[in-house]
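Engineer: Below are the sequence and a predicted model for it; my questions follow.
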Amino acid sequence: MGRLPRLTAETQAEVAVIGAGYTGLSAALHVAAAGRDVVVLEARELGEGGSGLNGGQVIAGLKHDPDLLVARYGERIGSQLIARSAEAPDLVFDLIRRHSIECDAVRAGWLQLAVSQSHLPLLRRRAEQWRRRGADVAVLSDREAAQLTGSTRYCGGWIDRRGGTVQPLAYLLGLAQAAMRSGARIFIRSPAARVAPAADGWHVEGQSGGVSARVVILATDAYTDQAFDALRRTVVTVPSIQVATAPLPPRLRAAILPGGQSVSDTQRLLCYFRLDASGRLVLGTRGSYGDVPVPARTATHERALCEIDPELAGIPLQYRWGGLVALTRDGLPHLHELAPGMIAGLGYNGRGVAMATVMGRLLARRALGEAAESLEFPLTPIRPIRLHGLSHLAARATIRYLQLRDALETASRWPLRRSAA
C-alpha cells in the first residue's frame, strides 16, 4: 500500500467515517461496495491504534454467555446479540476470502482453558449453551487440553471451532485496500476536530480541511477523544500488551499448539496466545497504566511463558507492542444514534477483531438508509459513565488487585502442576 494522503482541502461524500480501525474500515468497505461515496478520516497512521496492535484472535460470542443475554435483555434483544456475535468470525473470514486479504488467516478454532478446577463448571456450561444453539464446540479434558497446547498447565476447557487467528495489522491493511478498491477515500493524519450540522447533513472539520456528508459514522472506539466527549465517557480504556518470541525451535514448535488454535485462559487478567506464521509464540495480557515503556511492562508475559512450558524461559522476546481496549459498563458493544445522520459503534471488550468488523457492517447498513429495526441489533442511547474522570484510577487499582490475586493463585497451584507433569 502506498503512502496515503492527509486531508488538506474541503471535500464531499455521502458518508464520512471517523476512525480507520476495523469498525471504520469495515463500514467504509460495505458503504463503498454498495456504490456510495465514502471518505474515511484517520487521526494517526493506519494501524497505530488497537486494531493494528492486538493479539489477532478471531472469537465468536461476547463476554456474557447466551443464556445470560436472554435472561438479562429478553428473548428478542438477547437473541439478536447472540446471532450477531455468533456470525462475526464468518464475516471476518469471508471478507478475507472475497478480497484476497493476505493476513496469515487460520481458522482452526479457539480454546478457552481453565487454570483451576473451580473454573471448569463455568466453561462446561458455556460450551453447552453454544452447542444447544448449533455451534461447533466441544468440552475438553485436561489430557485433550495438553494435547492441543503442549502444556500441562490447564485443567480442561472447551474448543470453539468457529474461531481463528489473523495477523492483525495485515488484516487492517487488507480491509483498507479492499475499501479503496471499492471506491473509498482514506486520509491519514487527519483528525476530526468537530462535527457540526450543515445544510445537507453534517460538516466534519479537520485541521487543514473538511468533509461535508449526509451521514457521519464515529468509529473511534478506545481512541475517542474530547471532540466527542459524551461518547468518550461511555467507555473505560485499558491497555492490552502483546509480546512475540523469537521463532521457536522445531521441537517446541511441533509440540505447542500443533493444530493452530489460539488460546485464552481463565485468569482474572486473562492471558491469551497463538503461534504466528513464522513460528513465534504471540502472547498477550492486560497491561498496567502509566508512562512506563512497553518493554518494562512485560514481566507478566515472561512468567506466563514459563507457565505454559518451562522451556520457553530460554526463548528471547523479539517484539513488544500494545494498544487500548474499550470496556463498556455492561460488557457489551454498543450501536448509538447520536442524532439523525450521526451514528457510532464501539465497546468490544476484548473481542474487537470479529465484533468490530460486524459493527462496521451494521453501521454501513444504517448509513445506507436501512431501518433501525431491520438491523437486528439494539440501538442504545448514550449513557456516560458517572464520575468517568475517576474511572481510570479505579481500573488501575482493579488491575493491580487482580494481578495480585492471579499471582497468589499461580504460586499455590503451579508447583503442584509442574510436579504432576
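Structural biologist: On my side now, so go ahead. Numbers count the residues shown, from 1 in each chain.

Engineer: Can you give me the buried ones in stretch 265-282?
Structural biologist: 265-267, 269-276, 279-282 (16 or more other C-beta atoms under 10 Å). (Glycine included, C-beta is placed from N, CA and C.)

Engineer: what about that stretch, distance to the chain center?
Structural biologist: 14 Å (C-alpha atoms, centre = their mean, to the nearest Å).

Engineer: Check stretch 113-124 too.
Structural biologist: 23 Å.

Engineer: what mean pLDDT does it have?
Structural biologist: Averaged across stretch 113-124, pLDDT comes to 96.

Engineer: Between its first and last residues, what's the separation in that stretch?
Structural biologist: 10 Å (C-alpha to C-alpha, to the nearest Å).

Engineer: where does residue 171 land in three-state SS?
Structural biologist: helix (DSSP: H, G, I helix; E, B strand; the rest coil).

Engineer: Around it, count how many other residues there are.
Structural biologist: Using other C-beta atoms under 10 Å, residue 171 has 29 neighbouring residues.

Engineer: Give me the residues contacting the helix or strand containing residue 126.
Structural biologist: Per DSSP states H and E: residue 126 is located in helix 120-132. Outside of helix 120-132, the residues within contact range by C-beta atoms under 8 Å, 6 or more residues apart in numbering are 60-61, 65-67, 112-114, 137-139, 155-158, 160, 266.

Engineer: how about the nearest residue to residue 353, chain neighbours excluded?
Structural biologist: residue 58 (5.1 Å; C-beta to C-beta, 6 or more residues apart in numbering).

Engineer: The one you found and residue 260: what is the separation?
Structural biologist: 12 Å (C-beta to C-beta, to the nearest Å).

Engineer: Could you do residue 302 as well?
Structural biologist: Counting by C-beta to C-beta, the gap from residue 302 to residue 260 is 24 Å.

Engineer: In this structure, where is pLDDT below threshold?
Structural biologist: Filtered on pLDDT under 70, the chain yields the residue ranges 268, 286-297, 387-421.

Engineer: Next up, the contacts around the residue positioned nearest the centre of it.
Structural biologist: With distances taken as C-alpha atoms, centre = their mean, residue 352 lies nearest the centre of the chain, 2.0 Å away. By C-beta under 8 Å, 6+ apart, residue 352 lies in contact with 21-22, 50-51, 54, 221, 325.

Engineer: Closest to residue 118 out of those?
Structural biologist: residue 325 (26.0 Å; C-beta to C-beta).

Engineer: Let me know the secondary structure of the residue lying closest to residue 262 once chain neighbours are set aside.
Structural biologist: In space, and not counting its chain neighbours, residue 262 is closest to residue 274: 3.9 Å by C-beta to C-beta, 6+ apart. Judged by three-state DSSP, the three-state class of residue 274 is strand.

Engineer: how many other residues sit next to residue 196?
Structural biologist: Residue 196, neighbours per other C-beta under 10 Å, totals 9.

Engineer: my read is it is in a strand, agree?
Structural biologist: Yes: Residue 196 sits within a strand when classified using three-state DSSP.

Engineer: Quick check, it in contact with residue 203.
Structural biologist: Yes: Residue 196 is within contact range of residue 203, at 5.3 Å (criterion: C-beta atoms under 8 Å).

Engineer: And the helices in the chain?
Structural biologist: 22-33, 66-86, 88-98, 120-132, 142-149, 168-181, 229-232, 250-255, 299-308, 352-367, 391-420 (DSSP state H).

Engineer: out of those helices, which comes closest to residue 243?
Structural biologist: Here helix 299-308 is closest among these (C-beta to C-beta), at 4.6 Å.

Engineer: quick one: the closest one to chain centroid distance?
Structural biologist: 22 Å.

Engineer: next one: stretch 358-376
Structural biologist: The answer for stretch 358-376 is 20 Å, by C-alpha atoms, centre = their mean.

Engineer: so what's residue 6 closest to, chain neighbours aside?
Structural biologist: residue 189 (4.9 Å).

Engineer: Same question for residue 228.
Structural biologist: Nearest one to residue 228, counting by C-beta to C-beta, 6+ apart, is residue 218 at 6.0 Å.

Engineer: which residues pair with that neighbour across the strands?
Structural biologist: Beta bridges link residue 218 to residue 18, residue 344, judged by DSSP bridges.

Engineer: in terms of contact, does it touch residue 343 like I think?
Structural biologist: Yes: between residue 218 and residue 343 there is a contact under C-beta under 8 Å: 7.2 Å.

Engineer: ok so, going back, so the residue nearest to residue 262 bridges to which residues?
Structural biologist: In beta-bridge terms (that is, DSSP bridges), residue 274 pairs with residue 282.

Engineer: Perfect, that will be all.
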